[in-house]
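J.: Compute the structure for the input listed below.
(2 chains)
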Amino acid sequence: MRIAILSDIHANREAFDACLAHAVRQNVERYVFLGDLVGYGADPQYIVDRVVRFAEEGAVVLKGNHDEAATRGANDGMNEYARKAIDWTFNALDDASRKFLGELPGFVEEEDRLYVHSEATAPSDWRYITDAATAERSMRATIQRITFCGHVHIPQLYNMSPQKPAQYFEPKPNTAIPLIGQRQWLAVMGAVGQPRDKNPAAAYAVLDTTKKDVTYFRIAYDMQPTAQKIHEAGLPAILAARLFVGR
Amino acid sequence: MSKYDIKEGDVIDGFVIGEQLHTGGMAILWHATHPDIESPIVFKVPKILEGDDPTVIVGFEMEMMILPRLSGPHVPKVYAVGDFATMPYVAMEFIRGETIFPTLERAPIAVDEVVSLGRKISTALVDLHRQKVIHHDIKPSNIMIRPSGEAVFIDFGLSRHLELPDLLEAEFHLPMGTAPYISPEQVRQFRAEPRSDLFSLGVLLYHLATGERPFGLPRSTQALKKRLWRDPVPPRKIRPEIPAWLQEVILRCLEVKPANRYPTAARLAFALQNPDSVRLTQRAEKISRDGVITVFRRWLKVRALPPLESHSIGAPSASIVMVAVDLEEQYHYLAEALLDHTKRLLSTMSDVRLACVNVNKISTVFMSDPFDEQGRNVHIQRLVELRDWARPIALASDKISFHVLENMDPAEALIEFAQSNHADQILMCARGAGNYRRFLGSVSSQVVARAPCTVTVVRAPAPVSEKAPAANEMAT
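T.: Down below sits the predicted model:
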């Protein structure tokens, strides 16, 4: 089975559509959304509508910190731009969408995998995975062999064998990486809708459960209309500008 | 006893286990068959003992990651790998014949045989490195020769795929390799240097040529380090009949600094295939090891070596560029355009080897006369003209070579040369675009269609006075 794993869509319609179109060409049969469907971007209602339909067809959909905030108001950890975007998003969503986001689970376990938005020790604390130490902490918090998470907007891959520290690997796009052996793997997805690794292309990955490998992809899309809509919505200008540089 | 105990007659994922083939330090090999696979199969299972060396497990994991991603004649074909959680195994092609280990036991062997093996193994390394894999354990027992002549690498337990996580580097802080063959950078635990394999191949060629090991058989990590400062006895001192060019090649492979070795396996293969192209330096003439003071200085320096930096595989900076020159007088304007293009290309690259090639087309029907109307030897005359064509390029003599190929089919000759010399790029001219060429296919179009590498076809307008016949051709 080929599973597309998408995280941090952040209401970016163009990036989302580009990734989904690519995933169809990749013969993906199942979808997993690791949270942060909304926040920052100008198309929250469109994204939620589409993801609701995926959920009805059996997709895994998790709650991210922005999804939580969009239903309850901004939380303390958010910067000024994120707060403004959340206030705007709250009003841009209909009641049913807010209810959908509010009822999403914080994590899901499936076969040998854990899906979670952020670091796994305390999913609701929204911690970041930024290095081998934080990755190791996350892997030690689960018995699952493979963890998929997002939240930092930077694609990363870690592996760890028993009694050894976690090791970082920078995944090369379009290369199938086998998640082999008696070791744990932690695959951090980049962001679909707001990459921050200085590469503005949308990021997602495909897991092949038969071949037991994961392939990271970067999908170029036209971000001009995305930025335009952010401006028109009166959202902070930086949220549009950063899309072009991937920071 | 292996933790994964299997016996003859067992059936694992459809593979029927046959007789035991071999028990190595890390794995047990079994003969096997599969109803869907016609050729004989080797079934490799890790040998995991209680409390055993964890490198065995990780090495097997690496092999399971890398082997299925490789293809071509220089690696065994893989049919299936087993899940590590249940039954780890690699089911692969059974390669007939032996490793070259028995050849090593006969060393020193004939110089021609050393060169021939060197060509085969370096050619196999070109292919492996192009697939982004460093073998890291080049030694006789890991190399087999197919009945068709190609060298095949087996055992990828210490290998590194440059686009996959390196599980070994991450977990073990010890030099990994086989003591006599391990490169200085592997001794320093650096695992991202393709030229490490050239060093190990140099050790192998040295041993085959002289019957002795260049760095002995060290038994401790400390003893392994000696190769960082102590140079080997020059091969010609042990066996004077070894040609100077071969000593040059072997000692260049054994340079401590990767930057002083051949930049790529392709360049080593080129040297072994074209001994005339090897520029002899002091390495070729060396008859004794370096003096005590030089060695002591090197020893002092080793203690303050900077960290190693990775060198990408097949960097364009170390390419082999083949330029096919048309020497027909009426097409002088094409030769000039090709020269301009070649100079422009070279100015954008560093460390290029340029192979200038001309094809002397021989007839299928008539006996070709080796002498022209003026009584000159055609082959030599072509070489002279080729050198003259290349003179303005002004490359050092060790960076340029000249080849006149005799063939009935020029396209075939060029493609074959590009293949066997691992050219990264071919530059050539197209004579024109008349109807005749369109239907029969020009040499350049055949080369473009079939060459294994990048091909650039240079076109140039014919000077005005020479345009007339072309216009006629179009009118008919």
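
J.: same question for the helix or strand harbouring B:T342, mean pLDDT?
T.: Using DSSP states H and E, B:T342 falls within helix B:332-347. The pLDDT scores in helix B:332-347 average 92.

J.: So which other helices or strands are in contact with that helix?
T.: strand B:320-324, helix B:378-390, strand B:425-429, strand B:454-458 (3 or more Cβ pairs under 8 Å, 6 or more residues apart in numbering or on different chains; DSSP states H and E). To be clear about C-beta, it is placed using only N, CA and C from the backbone, and glycine gets the same treatment.

J.: The third one: partners in the sheet, and parallel or antiparallel?
T.: Based on DSSP bridges, the strands next to strand B:425-429 in the sheet, each with its direction, are strand B:320-324 (parallel), strand B:454-458 (parallel).

J.: Please pull up the helix or strand immediately following the helix holding B:T342.
T.: Next helix or strand after helix B:332-347 toward the C-terminus (DSSP H and E): strand B:353-361.

J.: where does the residue in the stretch 1-150 of chain B positioned nearest to chain A fall, helix, sheet strand or coil?
T.: Of all residues in the stretch 1-150 of chain B, B:E61 sits closest to chain A, at 4.1 Å by Cβ to the nearest Cβ. Three-state assignment for B:E61 (DSSP: H, G, I helix; E, B strand; the rest coil): helix.

J.: now the farthest one out in chain A, which residue is it?
T.: The C-alpha centroid of chain A is most remote from A:Q163, which lies 29.3 Å away (Cα atoms, centre = their mean).

J.: Not counting stretch A:72-83 itself, show me its contacts.
T.: For stretch A:72-83, the external contacting residues (Cβ atoms under 8 Å, 6 or more residues apart in numbering or on different chains) are A:39-40, A:65-66, A:68-69, A:86-87, A:90, A:102, A:126, A:236, A:238-239.

J.: list the buried ones in it?
T.: A:74, A:78, A:81-83 (16 or more other Cβ atoms under 10 Å in any protein chain shown).

J.: Would you format these as TSV with pLDDT included?
T.: Shown next, in TSV, are the buried residues of stretch A:72-83 (pLDDT from 0 to 100):
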residue	pLDDT
A:A74	73
A:M78	80
A:Y81	87
A:A82	86
A:R83	88
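
J.: coming back round to it: highest average neighbour count across the helices and strands packed on helix B:332-347?
T.: For these, the largest average neighbour count (mean count of other Cβ atoms under 10 Å in any protein chain shown) is found in strand B:320-324, namely a mean of 25.

J.: Just the C-alphas of it, formatted as PDB.
T.: Provided in PDB are the C-alpha atoms of strand B:320-324 (Å, rounded to 0.1, in the frame of the first residue of the first chain):
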ATOM      1  CA  ILE B 320      36.600  12.200 -19.500                       C
ATOM      2  CA  VAL B 321      35.700  14.200 -22.600                       C
ATOM      3  CA  MET B 322      36.000  12.500 -26.000                       C
ATOM      4  CA  VAL B 323      36.200  14.600 -29.000                       C
ATOM      5  CA  ALA B 324      35.700  12.900 -32.400                       C
END
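
J.: Report the angle between it and helix B:332-347.
T.: 170 degrees (axes from the mean of the first three to the mean of the last three Cα atoms, to 10 degrees).

J.: Could you check the pLDDT of B:N360?
T.: For B:N360, pLDDT reads 88.

J.: All the helices of chain A, residue numbers only.
T.: Taking DSSP state H as the criterion, chain A carries its helices at A:13-25, A:44-56, A:65-72, A:80-92, A:95-102, A:132-140, A:224-232, A:237-245.

J.: Buried residues of the second one, list them for me.
T.: Right, helix A:44-56. Neighbour counts using 16+ other Cβ under 10 Å place A:44-45, A:47-48, A:50-52, A:54-55 of helix A:44-56 among the buried residues.

J.: out of the residues you listed, who's nearest chain B?
T.: A:F54 (29.7 Å).

J.: so that closest one sits right up against A:V48, yeah?
T.: No. With contact defined as Cβ atoms under 8 Å, A:F54 does not reach A:V48; the gap is 10.7 Å.

J.: Residues in a beta bridge with B:R353, which ones?
T.: B:I320.

J.: thought it was touching B:S319?
T.: Yes. The pair formed by B:R353 and B:S319 meets the contact definition of Cβ under 8 Å, at 7.5 Å.

J.: remind me which residues of the stretch 1-150 of chain B are low pLDDT?
T.: Of all residues in the stretch 1-150 of chain B, those with pLDDT under 70 make up the ranges B:1-3, B:49-53.

J.: Strands along the stretch 51-200 of chain B, start to end?
T.: B:78-81, B:90-93, B:133-134, B:143-145, B:151-153, B:160-161 (DSSP state E, counting those that start in this stretch).

J.: Buried deepest among the ones you listed, which one?
T.: strand B:133-134 comes out most buried of the strands of the stretch 51-200 of chain B by mean count of other Cβ under 10 Å, with a mean of 26.

J.: just to revisit the earlier point, pull the most distant pair out of the contacts of stretch A:72-83.
T.: A:G102 and A:I238 (27.6 Å; Cβ to Cβ).

J.: where's stretch A:137-155 relative to the chain centroid, distance-wise?
T.: 12 Å (Cα atoms, centre = their mean, to the nearest Å).

J.: now that stretch: mean pLDDT?
T.: Stretch A:137-155 comes out at a mean pLDDT of 96.

J.: Can you get me the start-to-end distance on it?
T.: Terminal residues of stretch A:137-155 are spaced 18 Å apart (Cα to Cα, to the nearest Å).

J.: Show me what counts as buried in that stretch.
T.: With burial defined by 16+ other Cβ under 10 Å, the residues of stretch A:137-155 counted as buried are A:138-139, A:141-142, A:144-155.

J.: quick revisit: just put the buried residues of helix A:44-56 in a markdown table and tack on distance to B:L395.
T.: Formatted as a markdown table, the buried residues of helix A:44-56 follow (distance: Cβ to Cβ, whole Å):
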| residue | distance to B:L395 |
| --- | --- |
| A:P44 | 62 |
| A:Q45 | 65 |
| A:I47 | 59 |
| A:V48 | 64 |
| A:R50 | 60 |
| A:V51 | 61 |
| A:V52 | 66 |
| A:F54 | 61 |
| A:A55 | 65 |
